[in-house]
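In: from the sequence below, what's the structure:
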Amino acid sequence: MASAVVADTRSSEEKEFEQRMMKILNDGVIALGISIGSASGLFETMAEFNGPRSSSEIADAAGLKERYVREWLGAMVTSDIVEVDPKKHTYFLPPYRAKSLSRNRGNGCVATVSDGVPLLAGVFQDILNCMKKDGPAGE
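Out: Numbers count the residues shown, from 1 in each chain. Purely as a prediction, here's the structure:
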């Protein structure tokens, strides 16, 4: 049984807006990953390496569980933040990227700003509750 082809009737503006919204949402998830890398010390750890390391080596050096470090590395690789060698199963944070992400190896400006992301996520429900007509008064 052949499937019917459905014509896309959206305007170019609709398509562009949808793409923009998807990029914003995707970047929001990436921002949380950057916050995790900053708060956990993973960026600092990776900035200290002189070359690629396995997820186990990175986790051991950071004092973290390898499984979660591997998941985080996957997110950072797909976000084009961390480099991967799929044949050797190693990961690398290039020095020019480490400068933005490491407080010890550069200015850490991205890492510093990323600290605010989990703070906002933590008050998400409080903000929703305050917005309700019958919600708390707020300040």
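
In: C-alpha only now, for contacts and for neighbours.
Out: Fine.

In: endpoints of stretch 101-120, how far apart?
Out: 20 Å (Cα to Cα, to the nearest Å).

In: which residues are contacting that stretch?
Out: Residues from elsewhere that reach stretch 101-120, judged by Cα atoms under 8 Å, 6 or more residues apart in numbering: 31, 32, 34, 35, 38, 39, 43, 44, 47, 98, 99, 100.

In: which of those residues tops the neighbour count?
Out: Using other Cα atoms under 10 Å as the neighbour definition, the contacts of stretch 101-120 reach their maximum at residue 43, which records 29 neighbours.

In: just how off-centre is the helix or strand of the chain with the lowest mean pLDDT within its chain?
Out: Confidence across the helices and strands of the chain bottoms out at helix 109-114, with a mean of 78, counting by mean pLDDT, DSSP states H and E. Taking the mean of its C-alpha atoms, helix 109-114 sits 12 Å from the chain's own mean (Cα atoms, centre = their mean, to the nearest Å).

In: for that helix, list the C-alpha coordinates in PDB.
Out: The C-alpha trace of helix 109-114 is given here as PDB (Å, rounded to 0.1, in the frame of the first residue of the first chain):
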ATOM      1  CA  CYS A 109      33.000  33.800  30.000                       C
ATOM      2  CA  VAL A 110      30.700  31.100  28.600                       C
ATOM      3  CA  ALA A 111      31.100  29.000  31.800                       C
ATOM      4  CA  THR A 112      30.300  32.000  34.000                       C
ATOM      5  CA  VAL A 113      27.100  32.900  32.100                       C
ATOM      6  CA  SER A 114      26.000  29.300  31.900                       C
END
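
In: I'd like the next helix or strand past the helix of greatest length in the chain.
Out: Scanning the chain for the helix with the most residues, using DSSP state H, yields helix 12-40. The C-terminal neighbour of helix 12-40 among helices and strands, as given by DSSP states H and E, is helix 42-48.

In: can you list the neighbours in contact with whatever helix or strand comes next after that following helix?
Out: As assigned by DSSP H and E, the chain's next helix or strand after helix 42-48 is strand 53-54. Counting by Cα under 8 Å, 6+ apart, the neighbours of strand 53-54 from elsewhere in the structure are 89, 90, 91, 92.
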